[in-house]
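1. Got a sequence here, can you build the structure:
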Amino acid sequence: MRSKRFQGLVGLALIASLLNPLPWFNNVMLIGSTVVNANDLPPGETPPGEDEELPDAEQLALIKKISGYLSEIEASLADGDKDTADYLFTESDAMGGYATSIAAVSNVKNSAERAKLQARIEAIRAQLSGTVQPPSPVITTEEVTETKEEPYVTIRVKDPNLEEGKEEVATPGKAGVRTIVYTVTKTDGVETGRVVKSDEVTTPVINEVIRVGTKKTVVSVITLEEETETKAVPYETVRENDPTLEEGKEVVSVAGKAGVRTIVYTVTKTDGVETSRVVKSDSITTPAVNEVIKVGTKKAPVITTEEVTETKAVPYETVRENDPTLEEGKEVVSVAGKAGVRTIVYTVTKTDGVETSRVVKSDSITTPAVNEMIKVGTKKAPVITTEEVTETKAVPYETVRENDPTLEEGKEVVSVAGKAGVRTIVYTVTKTDGVETSRVVKSDSVTTPAVNEVIKVGTKKVPGITTEEVTETKAVPYETVRENDPTLEEGKEVVSVAGKAGVRTIVYTVTKTDGVETGREVKSDVVTTPAVNEVIKVGTKKVPVITTEEVTETEAVAYETVREDDPTLEEGKEVVSVAGEAGVRTIVYTVTKTDGVETGREVKSDVVTTPAVNEVIKVGTKKAPVITTEEVTETEAVAYETVRENDPTLEEGKEVVSVAGKAGVRTIVYTVTKTDGVETGREVKSDVVTTPAVNEVIKVGTKKVAPSIKNDVQKNEETVTKPQTSQNDKNKTVLPETGERVSTSIWMTFVGFVMMGVAFIKKRKQQ
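-> Below you'll find the model as predicted:
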């Protein structure tokens, strides 16, 4: 069945060739054609851009041939004839070589065209296998610009005016920039091809020129040292109006202060004589403070002056002295500190009654301070014991005098006898080595209250009555205050302030009858001297915990630098052959801590555990090579571009070269540096297009021509004349030649096809 269908297809093809042989001629002549027409491209293709890489005629013929065969298979699939399409796609090689052509896709050099053909083949294969045809690939092109750095060359030029061993950069090197523009083809967003559109140096390279000193110098002792110099930075004066200051007056509100500029020089000395001085650093270490002057604009007011005296306390100092007779840990104030008095006399200026300034007229210590002397016990603590001792004291009773109108004036009768009470005092007695050293009141209470004496005083009038004032004084007992002292060891007590009884003064008005006291009234009762409370410091300080531990520390041991001559190294160069490495010094301390706080540190051991490695620097003594420069001129061809212009007067499919392309000439002059006769550097001195390129202009025919076999044959016989190319143009890229030639062998092939068709039809009729 498949064989019959194939025979039918062959017959139809032969008959079609008889009716219109033009397609067969086109297919055959593509093999030798050198014309690239827009109409000859595969379906859906567009002519390449001016900057794209152009396939040659042979590649274009191969692309068109494969595309044509694929179109026939796609047409069979579109008509629903899947068997024929499958046969042509997989087996047949007799009718145009379908299978061979499909396999030849790999021979297509243009990656974009090859990707398109492969996509069509995969689509056909998917339809034949029954799978869903994937979407046609999306092919896009874009321009991508890249820049690359053009490294500069270092040129070393001898300088007889520069000392041997010295080098100076005469021209700093600067890298150039090369800009490359690519035309990138992407299939479904993935790059499938990249063609260089342009590649040019947009920023020229500036080669580095180093002057190498060749001037012989006498071997001298050269030393480097740093010198620091300071200069004053003058301040500015700013004058500001002050409406609060009297007119005509000026006051410096901010004193100007010059700044400090610190300049550090690196001084080079030859044989002890300074030969050069280079500023290493120059900075303002202390900025200047501008002087601000307040200029008075206020009208002059009424000004008065007066003297004001003030006193201030002069604090006393505390002097602590060791006392070997006082127990260790105890402190006693031997001399109470007393603040002194400082008397300051001010001259006060008032403006309109308001103080505006105050100037010290005199400032002197009128009463010197008395330093407080504290005895610090250093005597080792003895055996301390405590016990309680109880004492009783009589509590005196008071006498109450009551007037008795039934008793004659001047007489007194005791109606209630007075009885003293009892005060019980319990002491906590501290003894040191059996000797009492302190006594603290633990409790003090009246256990038996006193009974006041009541005296009846007669008020019955009698002659001879007088009155007088009598003054009495009584002791005011002091209180004992106990205060915790964290600086005093626990269990110890020290009287910091001794208790002192006060004085109560009572004034009585005494009445006497015939010289005998008959009445007494309190006129006043005042504490004239306050009691001073006794203050006892009670120790709460815990006994310190003393510990020792070892602490290890490390310090860097500086390495030395050793300079050695190297006859293999160029004079003036230095290379570190052995890198210096600092050593390590290990120090072990015995640290004493009291309550966790360091109180002492002693060195237990101090050893260099890692010796330092000295730095070794090789100093070149090899004489510098002979460096020469010369100019070298080179020329390069400047490629011309091909411009394609539509020509409505020229038949469609024809192309004529109206202007022959001619390559230009680029002249490049290099400055070449040679060391001992060998080239070591090359710098572009000038790069100029001395002869511009002439672009090639091709006229492309767009005039429509009515199709006919005769015209088609004539079209195939036409040729496009092209001017003779010069020898210089042979190396240039040109478009494929236009024009077609039909050889005699082609006509014979056509006649053979016709005869085969007739014979095939006859055979079919017989069958």
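2. Quote the end-to-end distance of stretch 684-699.
-> End-to-end distance of stretch 684-699 (Cα to Cα, to the nearest Å): 40 Å.
3. tell me which residues of it are tucked away?
-> Of the residues in stretch 684-699, 684, 693, 696-699 count as buried by neighbour count, 16 or more other Cβ atoms under 10 Å. Where you see a C-beta, it was placed from the backbone N, CA and C, and this is true even at glycine.
4. of these, closest to residue 322?
-> Closest approach to residue 322 among these (Cβ to Cβ): residue 684, at 91.8 Å.
5. Need the pLDDT of that closest one.
-> On pLDDT, residue 684 comes in at 92.
6. Also the one 4 residues further on?
-> The pLDDT attached to residue 688 in the predicted structure is 91.
7. and it, what element?
-> Assigned by DSSP states H and E, residue 688 falls within strand 678-691.
8. can you check residue 325 too?
-> Here residue 325, judged by DSSP H and E, is contained in strand 318-327.
9. can you list contacts of that strand?
-> With Cβ atoms under 8 Å, 6 or more residues apart in numbering as the test, strand 318-327 has contacts from 331-332, 334, 337, 371-382, 432, 492.
10. Just the mean pLDDT for that strand, thanks.
-> 89.
11. With stretch 114-126 instead?
-> The average of the pLDDT scores along stretch 114-126 is 85.
12. Run the chain-centre distance for that stretch.
-> The chain centre lies 56 Å from the centre of stretch 114-126; the measure is Cα atoms, centre = their mean, to the nearest Å.
13. Would you list the phi and psi of residue 593?
-> Reported as degrees, to the nearest 10, the phi and psi values for residue 593 are phi -130, psi 140.
14. How about it, nearest residue that isn't a chain neighbour?
-> In this structure, residue 593 finds its nearest non-sequential neighbour in residue 547, 5.1 Å apart by Cβ to Cβ, 6 or more residues apart in numbering.
15. which ones are touching the one you found?
-> Residue 547 makes contact with 592-593, 596, according to Cβ under 8 Å, 6+ apart.
16. try residue 595
-> Applying Cβ under 8 Å, 6+ apart, we find residue 595 in contact with 544-545.
17. do the same with residue 448
-> The contact partners of residue 448, taken as Cβ under 8 Å, 6+ apart, are 395, 421-422.
18. Please produce TSV containing the residues you listed, extended by pLDDT, neighbour count and secondary structure.
-> Putting the contacts of residue 448 into TSV (pLDDT from 0 to 100; neighbours: other Cβ atoms under 10 Å; DSSP: H, G, I helix; E, B strand; the rest coil) gives the following:
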residue	pLDDT	neighbour count	secondary structure
395	90	15	strand
421	94	15	strand
422	93	14	strand
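19. In TSV, list those along with distance to residue 620.
-> Compiled in TSV, the contacts of residue 448 are given as follows (distance: Cβ to Cβ, whole Å):
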residue	distance to residue 620
395	111
421	114
422	113
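20. From those residues, pick the one nearest residue 191.
-> Nearest to residue 191 among these: residue 395, at 118.5 Å, using Cβ to Cβ.
21. From what I see, the closest one and residue 452 are in contact.
-> No - here residue 395 lies out of contact with residue 452, judged by Cβ atoms under 8 Å, at a distance of 11.1 Å.
22. one step back: between the buried residues of stretch 684-699, which sits nearest residue 198?
-> residue 693 (14.2 Å).
23. That closest one is in contact with residue 639, isn't it?
-> Yes - the criterion here is Cβ under 8 Å, and residue 693 meets it with residue 639 at 6.6 Å.
24. Mind listing the shared neighbours of these two?
-> Taking Cβ under 8 Å, 6+ apart as the contact rule, residue 693 and residue 639 both touch residue 663.
25. Among the contacts of strand 318-327, name the buried ones.
-> By 16+ other Cβ under 10 Å, those give 331, 337, 372-375, 377, 492 as buried.
26. and the chain, what are its domains?
-> Domain segmentation of the chain under automatic domain parsing yields 34-137, 145-215, 222-298, 303-373, 374-541, 546-622, 628-739.
27. Just put those domains in TSV and tack on distance to residue 754.
-> Output for the domains of the chain, formatted as TSV (distance: least, Cβ to Cβ, whole Å):
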stretch	distance to residue 754
domain 34-137	16
domain 145-215	44
domain 222-298	100
domain 303-373	133
domain 374-541	132
domain 546-622	88
domain 628-739	14
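28. Residue 67: what secondary structure?
-> helix (DSSP: H, G, I helix; E, B strand; the rest coil).
29. neighbours of residue 615, just the number please.
-> Using other Cβ atoms under 10 Å, residue 615 has 16 neighbouring residues.
30. Does it touch residue 563 like I think?
-> No - Residue 615 is beyond contact range of residue 563, at 9.3 Å (criterion: Cβ under 8 Å).
31. Run a quick neighbour tally on residue 126.
-> Around residue 126 there are 13 residues (other Cβ under 10 Å).
32. again, but for residue 459
-> Using other Cβ under 10 Å: residue 459 sits among 20 other residues.
33. Pull the contacting residues for it.
-> Counting by Cβ under 8 Å, 6+ apart, residue 459 touches 403-405, 407, 409, 518-519.
34. List buried residues within the residues you listed.
-> 404, 407, 409, 518-519.
35. could you dump these to TSV with pLDDT, distance to residue 630 and secondary structure?
-> Putting the buried ones among the contacts of residue 459 into TSV (pLDDT from 0 to 100; distance: Cβ to Cβ, whole Å; DSSP: H, G, I helix; E, B strand; the rest coil) gives the following:
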residue	pLDDT	distance to residue 630	secondary structure
404	90	152	strand
407	87	154	strand
409	81	153	coil
518	86	149	strand
519	89	145	strand
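36. Residue ranges in the stretch 401-550 of the chain under the pLDDT threshold?
-> Along the stretch 401-550 of the chain, segments meeting pLDDT under 70 span 462-463.
37. same thing with the stretch 551-700 of the chain?
-> Of all residues in the stretch 551-700 of the chain, none has pLDDT under 70.
38. swap in the stretch 51-200 of the chain?
-> Within the stretch 51-200 of the chain, the stretches falling below the threshold (pLDDT under 70) are 51-55, 91-101, 131-136.
39. would you say residue 238 is within a helix?
-> No - counting by three-state DSSP, residue 238 falls outside a helix, being strand.
40. would you list every one of the helices in the protein?
-> For the chain, the helices defined by DSSP state H occupy 2-19, 22-29, 57-78, 82-90, 98-103, 111-129, 709-717, 744-766.
41. quick one: the fourth one to helix 111-129, angle?
-> Which is helix 82-90. Relative orientation of helix 82-90 versus helix 111-129 (axes from the mean of the first three to the mean of the last three Cα atoms, to 10 degrees): 140 degrees.
42. CA atoms only for helix 82-90, dumped as PDB, please.
-> Taking Å, rounded to 0.1, in the frame of the first residue of the first chain, the C-alpha atoms of helix 82-90 are listed here in PDB:
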ATOM      1  CA  LYS A  82       0.200  10.900   8.200                       C
ATOM      2  CA  ASP A  83       1.500   7.600   6.500                       C
ATOM      3  CA  THR A  84       3.100   9.600   3.700                       C
ATOM      4  CA  ALA A  85       4.600  12.100   6.100                       C
ATOM      5  CA  ASP A  86       6.000   9.200   8.200                       C
ATOM      6  CA  TYR A  87       7.400   7.400   5.200                       C
ATOM      7  CA  LEU A  88       9.100  10.500   3.900                       C
ATOM      8  CA  PHE A  89      10.400  11.400   7.400                       C
ATOM      9  CA  THR A  90      11.900   8.000   8.200                       C
END
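43. Fine, thanks again, bye for now.
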